[in-house]
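1. Output the structure for:
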Amino acid sequence: MSATIAIDKLHNGQTFYVRYLSINDLPLIMQLQEKVKHALSSPATLEPLSEEEFKIILSGHQLMIGVFLEERMIAFRAMLEPEIDNEHLGIDAGLPPEELPKVLYSEISNVDPEYRGNGLQTYMGKLLMERLDKKRFQYVCATVAPFNIPSLKDKLLLGMKIVALKEKYSGKLRYVLMNSLSETDKDSCKDKITISMNDSNAQQKCLKSGFQGSSIKQKNNDWYVVFSK
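-> Below is the predicted model of the structure:
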């Protein structure tokens, strides 16, 4: 078992610990993923991974962590060093070919439904970001379905920006987000445009003109993306 990398408390005062996961944790990972999947009101918002895909992640170097209450895993989060192919998110983000080996994916994050509301998803994301080898990796990319508000909020809190909106995963519309780890956020801007999340065409035009999605907000029961450059 790997060493503990963090100890903290849930809102109810229970102490949890965080450690890197290994192939030995695969049964716990699959069990938690299945529980999360069945609890979702819209299962299509989750892109579940197969055992083989988890094995690939777990064979990497400390790219997956789990949150535990004693021996019970209540959350996990993974990053992945992806293969370079035509579907690479770095291409969608506009990176040149020589930068693609420096990209990691924020791959999957699951939190036991009983322990939602404790900020564990973003907590794990920050832990992983802090521990990345920034000499080797310069970018973190992810995809999120429009209207998957918790996941969008999580990625934006981790410093990612929406850089594309396009069909991925056999035709499913997805935001592509990227965090450039070497850049400091300059929020002294800038031109800002607010567009309804329902208006895919307007968002795509905005992104193609050099804007990036920097935040989301709700107004009159509709969600909007704030784009800036």
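2. Any figure for the gap between the closest residue to Q138 other than its chain neighbours and I84?
-> By the measure of C-beta to C-beta, 6 or more residues apart in numbering, the closest residue to Q138 outside its immediate chain neighbours is K102, 4.2 Å from it. Backbone N, C-alpha and C define where each C-beta goes, glycine included. When C-beta to C-beta, to the nearest Å is applied, the distance between K102 and I84 equals 11 Å.
3. out of these two, which sits in the busier spot?
-> Counted by other C-beta atoms under 10 Å, K102 and I84 do not tie: K102 has more neighbours, with 18 against 12.
4. And the longest helix along the chain, what's buried?
-> Ranked by residue count, the top helix of the chain under DSSP state H comes out as helix 26-39. Residues L28, I29, L32, Q33, V36 are the ones in helix 26-39 that count as buried (16 or more other C-beta atoms under 10 Å).
5. can you check stretch 154-164 too?
-> Of the residues in stretch 154-164, those with enough neighbours to count as buried (16+ other C-beta under 10 Å) are D154, K155, L156, L158, G159, M160, K161, I162, V163, A164.
6. Just the ones of the residues you listed in strands?
-> Judged by DSSP state E, the subset of these located in strands is K161, I162, V163, A164.
7. Need the max-distance pair from those residues.
-> Pairwise distances across those (C-beta to C-beta) peak at 10.3 Å, for the pair K161 and A164.
8. wait, Q62 sits on R131?
-> Yes - with the criterion set as C-beta atoms under 8 Å, Q62 and R131 qualify as a contacting pair; they are 7.1 Å apart.
9. ok, now which ones touch I84?
-> Taking C-beta atoms under 8 Å, 6 or more residues apart in numbering as the criterion, I84 is in contact with L100, P101.
10. Please tell me how far it sits from L132.
-> According to C-beta to C-beta, I84 and L132 sit 19 Å apart.
11. Over to K55?
-> With the distance defined as C-beta to C-beta, K55 ends up 21 Å from L132.
12. So between the two, which is more surrounded?
-> Between K55 and L132, counted using other C-beta under 10 Å, L132 has the larger neighbour count: 16 against 12.
13. which element is Y123 on?
-> helix 120-130 (DSSP states H and E).
14. Can you spell out which residues form a bridge with the residue nearest the centre of the chain?
-> By C-alpha atoms, centre = their mean, the mean C-alpha position of the chain lies nearest to S106, the distance being 4.3 Å. Counting by DSSP bridges, S106 forms beta bridges with M79.
15. gap between it and Q204?
-> Look at S106 and Q204: by C-beta to C-beta, they are 22 Å apart.
16. residues in contact with G171?
-> Contacts were defined as C-beta under 8 Å, 6+ apart; by that measure G171 touches no other residue.
17. Good, wrapping up.
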